[in-house]
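K.L.:
please find the sequence and the predicted model below.
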Amino acid sequence: MIEVQNLVKKYGEFTALHGISFKAKEGEILGFLGPNGAGKTTTMRILTGFMPPTSGVAKVAGHDIFDESLAAREKIGYLPETVPLYPDMTVQGYLEFMAELRHVPERKKRTQEVLQLVGMEHRAKSLIRSISKGMRQRVGLAQSLIHNPPVLILDEPTIGLDPAQVADLRGFIRDLRTQHTVMFSTHILSEAEQICDRVVIINRGQIVAQGAPRELRSKLNLGSRIYVEARGRADQKSLANTLSKIQGVKFAEPYQNGVVVNVKDNKDVRPALAAAVLENGLELLELRPVAITLEEIFLEVTTALGAEEDA
Amino acid sequence: MRNIWTVFKRELRQYFVSPIAYLVMFAVLMLIGLNFNTDLQDRANFEPADGTVVLSTFAFLMVFFAPLLTMRLFAEETREGTLELMLTMPIRDHELVIGKFLGAWAFYSIMLVVTLVYQGILLSLTNFDPSPAPLQSELDLGPIIGGYIGIWLFSGATIAIGMFFSAMTENQIIAGFLSMAVLFILWVGDLAGLLPASIVSTRVAEALRVISLQSHYSTSFLEGVIRPEDVYFYAGVMFIMLFVTTRLVESRRWR
């Protein structure tokens, strides 16, 4: 549904995108990850037809975003980073205006539908200036859904929301998957991990990694980690020393009340670890795997890239 | 067409929910009313009534009040971030520009229509022929009809100029101030001929007169004369300004 090939965007001297390529299939949730200023918004603005790329091709629902701009735009629902609302309009008036611009048949009915979908029907008659930030975000989302587009592009949709609202919105995006291809950007990695089918990580205008969150983990060969906590005479340091000598362990280091063991190649070293603890006359209190988060993947790939550039 | 209509409706409706539009309408109509009253008193039993006073006052006020209503057209949308959404809607840039322009022009047309009240007053005042046969009004309708057409076109040109400045900046105050300054210069331009030739050569003065907004109604429409060149002038200003504004909006995509 979304196809991007070798997209380059230059703002004068500054190159915001260095030829990125990615794809999103139908019914997929694509997370677009990166630190601030990585080029996320630029990519989305190109995809939505707000601005043309310097070079490269972008297609949405089979339409080239530049050559068949209007046809492509019809297929997209877009929520920019600053929610685009007219403060002097009522929620309902705003949505009906958007529906009219999108040539939606039966505007009134569809407006009620999306209002229900985002849970805003009780504030339909309120002026937009009088509703809260979270509600505005929901109205913005309703706007992007009004024409039931096959492709949804959401730029940092969860920013500025309280935790309950964030959880709500994440659930909502997940539910959208059945009918829409969703591409959303975020710099919160756990968010992408929770709801995305695929993740594209971008930094300084370049894609540094892409794939399913699980795939990314194994692809980057980060191994796995195990947290070990023991009670006895030996302190954390000596325990870490002992454990790091076990075959298959990359290294071990003290962490909180115990030791975190980094394992090579996803080998299962748990029995060996338990045995080593007991052999040293210690009582084993805890032994559990520690999941590697996207945060770490992200740090890994972005710092590696940064180091390359600096060298 | 359909998209222009959609944008037009929202713009026009927007004027009726914004306090500044009501304030402008209040101020314009009140100042016209005061001027009308003074003029009527001055002429009473002395000169024939003149319906174009209302129109020349309206035109003068447009120079200062048009920018107040056009400054928000694009500047506000840029600042609120709604322009980004509008430019990703399946509508063309010129449809957005034309829709907004027509919305603002329609609001002014409504104000202009309200001033017809004064013509009604003049008509009833000048119909004093007591004989029942031919009711001949003393009022000269030619300049009034011509004047309304002329001032309507003139206001379209001022709005197009105001909108251009609104598209140039995201600061409403700057947009308003710039268009006010430019409109004022264009409005008083035809007075350059009054300066001694040593300061402004007659050729320059003539050029200034030709491009001035005032000279194209004061000596023609307001005298009841409709000259094609004046119609072309205002239509041309509107067309050029709309074209340039469309280009300006488009250029946001390239920045």
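P.N.:
Good, I have the coordinates.

K.L.:
hey, let's count contacts and neighbours off CA atoms from now on
P.N.:
Will do.

K.L.:
tell me the centre residue of chain B?
P.N.:
B:S155 (1.6 Å; C-alpha atoms, centre = their mean).

K.L.:
got the phi and psi for it?
P.N.:
phi -70, psi -30 (degrees, to the nearest 10).

K.L.:
what count of nearby residues applies to B:S218?
P.N.:
Counted with other C-alpha atoms under 10 Å in any protein chain shown, residues neighbouring B:S218 total 18.

K.L.:
give the contact list for it.
P.N.:
B:S56 (C-alpha atoms under 8 Å, 6 or more residues apart in numbering or on different chains).

K.L.:
tell me how far it lies from B:V210.
P.N.:
12 Å (C-alpha to C-alpha, to the nearest Å).

K.L.:
you'd agree A:E253 is in a strand?
P.N.:
Yes. The assignment for A:E253 (DSSP: H, G, I helix; E, B strand; the rest coil) places it in a strand.

K.L.:
make sure A:V261 is indeed in a strand.
P.N.:
Yes. Assessed by three-state DSSP, A:V261 belongs to a strand.

K.L.:
which residues are in contact with the closest residue in space to B:I91 that isn't next to it in sequence?
P.N.:
Of all residues not flanking B:I91 in the chain, B:N3 sits nearest, at 6.5 Å (C-alpha to C-alpha, 6 or more residues apart in numbering or on different chains). If you count contacts by C-alpha under 8 Å, 6+ apart, B:N3 has them with A:101, B:91, B:95-96, B:99.

K.L.:
closest one of these to A:R45?
P.N.:
Within the contacts of B:N3, the smallest distance to A:R45 is 16.1 Å, found for B:I91 (C-alpha to C-alpha).

K.L.:
okay, now that closest one: neighbour count?
P.N.:
Residues near B:I91, counting by other C-alpha under 10 Å, number 19.

K.L.:
repeat that for A:M98.
P.N.:
A:M98: 23 neighbours (other C-alpha under 10 Å).

K.L.:
please identify the helix or strand for it.
P.N.:
Here A:M98 sits within helix A:91-101, counting by DSSP states H and E.

K.L.:
just the C-alpha atoms of that helix, please, in CSV.
P.N.:
The C-alpha trace of helix A:91-101 is given here as CSV (Å, rounded to 0.1, in the frame of the first residue of the first chain):
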residue,chain,number,x,y,z
VAL,A,91,-16.4,19.5,16.5
GLN,A,92,-19.2,18.4,14.3
GLY,A,93,-18.9,21.4,12.0
TYR,A,94,-15.2,20.7,11.5
LEU,A,95,-15.7,17.1,10.7
GLU,A,96,-18.6,17.8,8.3
PHE,A,97,-16.3,20.4,6.6
MET,A,98,-13.6,17.8,6.2
ALA,A,99,-16.1,15.2,5.0
GLU,A,100,-17.3,17.7,2.4
LEU,A,101,-13.7,18.4,1.2
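
K.L.:
what's the first helix or strand after that helix?
P.N.:
Downstream of helix A:91-101 (by DSSP H and E), the next one is helix A:107-117.

K.L.:
right, and the helix or strand after that following helix?
P.N.:
helix A:133-145.

K.L.:
against B:F107, how distant is the residue nearest to the centre of chain B?
P.N.:
Going from B:S155 to B:F107 by C-alpha to C-alpha gives 11 Å.

K.L.:
burial count for whatever residue of the stretch 101-250 of chain B ends up closest to chain A?
P.N.:
Nearest residue of the stretch 101-250 of chain B to chain A: B:E250, at 9.1 Å (C-alpha to the nearest C-alpha). The local packing of B:E250 (other C-alpha under 10 Å) involves 17 other residues.

K.L.:
quick one, what contacts the residue lying closest to it once chain neighbours are set aside?
P.N.:
Counting by C-alpha to C-alpha, 6+ apart, B:E250 lies nearest to B:D93, which is 6.8 Å off, once chain neighbours are set aside. The contact partners of B:D93, taken as C-alpha under 8 Å, 6+ apart, are B:87, B:246, B:249-250.

K.L.:
near chain A, which residues of the stretch 51-200 of chain B show up?
P.N.:
Residues of the stretch 51-200 of chain B lying near chain A by C-alpha under 8 Å from any C-alpha of the partner chain: B:80-85, B:87-92.

K.L.:
show me where the chain has its strands.
P.N.:
Using chain A here. Using DSSP state E, the strands of chain A run over residues A:2-11, A:14-24, A:29-33, A:55-60, A:63-64, A:76-79, A:151-155, A:181-186, A:198-203, A:206-211, A:224-231, A:249-255, A:258-263, A:283-290.

K.L.:
would CSV of those with mean pLDDT, distance to A:R45 and mean neighbour count be doable?
P.N.:
What follows is the strands of chain A, written out as CSV (pLDDT from 0 to 100; distance: least, C-alpha to C-alpha, whole Å; neighbours: other C-alpha atoms under 10 Å in any protein chain shown):
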stretch, mean pLDDT, distance to A:R45, mean neighbour count
strand A:2-11, 89, 11, 18
strand A:14-24, 89, 12, 18
strand A:29-33, 89, 13, 27
strand A:55-60, 90, 11, 20
strand A:63-64, 90, 14, 20
strand A:76-79, 92, 9, 28
strand A:151-155, 91, 9, 25
strand A:181-186, 89, 12, 24
strand A:198-203, 87, 15, 25
strand A:206-211, 84, 16, 19
strand A:224-231, 83, 38, 21
strand A:249-255, 81, 43, 19
strand A:258-263, 83, 41, 23
strand A:283-290, 84, 38, 14
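
K.L.:
nearest to B:L122, out of those?
P.N.:
strand A:76-79 (55.6 Å).

K.L.:
where does chain A dip in pLDDT?
P.N.:
A:217-223, A:265-266, A:292-295, A:302-311 (pLDDT under 70).

K.L.:
break it into its domains for me.
P.N.:
A:2-218, A:223-291 (automatic domain parsing).

K.L.:
so which of those domains is nearest B:I20?
P.N.:
Nearest of the domains of chain A (C-alpha to C-alpha): domain A:2-218, 12.4 Å.

K.L.:
ok, the closest one near chain B or not?
P.N.:
Yes. For domain A:2-218, a contact with chain B is found by C-alpha under 8 Å from any C-alpha, at A:11, A:48-52, A:69-71, A:73-74, A:78-80, A:82-86, A:88, A:97, A:100-102.

K.L.:
which among the residues you listed end up buried?
P.N.:
A:48-52, A:69-71, A:73-74, A:78-80, A:82-86, A:88, A:97, A:100-102 (16 or more other C-alpha atoms under 10 Å in any protein chain shown).

K.L.:
quick one: which of the residues you listed sit in helices?
P.N.:
Residues of these located in helices (DSSP state H): A:69-71, A:73-74, A:97, A:100-101.

K.L.:
need the max-distance pair from the residues you listed.
P.N.:
A:S69 and A:F97 (21.1 Å).

K.L.:
before we move on, back to that, tell me which of the contacts of B:N3 is nearest to A:L285?
P.N.:
A:L101 (63.5 Å).

K.L.:
wait, the closest one touches B:W5, no?
P.N.:
No. At 9.7 Å, A:L101 does not count as touching B:W5 under the criterion of C-alpha atoms under 8 Å.

K.L.:
helix or strand for the residue nearest to B:I91, which one?
P.N.:
Here B:N3, judged by DSSP H and E, is contained in helix B:2-15.

K.L.:
I'd like the mean pLDDT over that helix, please.
P.N.:
For helix B:2-15, mean pLDDT rounds to 92.

K.L.:
same question for stretch B:208-215.
P.N.:
Stretch B:208-215 shows a mean pLDDT of 85.

K.L.:
swap in stretch B:107-122?
P.N.:
Mean predicted confidence for stretch B:107-122 is 91.

K.L.:
using CSV, write out every CA atom in it.
P.N.:
Presented in CSV, the C-alpha positions along stretch B:107-122 are these (Å, rounded to 0.1, in the frame of the first residue of the first chain):
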residue,chain,number,x,y,z
PHE,B,107,-18.7,39.2,3.3
TYR,B,108,-17.9,42.6,1.9
SER,B,109,-20.7,42.3,-0.6
ILE,B,110,-23.1,41.8,2.3
MET,B,111,-21.8,44.9,3.9
LEU,B,112,-22.2,46.8,0.7
VAL,B,113,-25.8,45.5,0.3
VAL,B,114,-26.6,46.8,3.8
THR,B,115,-25.7,50.3,2.7
LEU,B,116,-28.6,50.2,0.2
VAL,B,117,-30.6,51.3,3.2
TYR,B,118,-29.2,54.8,2.7
GLN,B,119,-30.3,54.8,-0.9
GLY,B,120,-33.7,53.8,0.2
ILE,B,121,-33.7,56.8,2.6
LEU,B,122,-32.6,59.1,-0.1
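
K.L.:
many thanks, have a good one.
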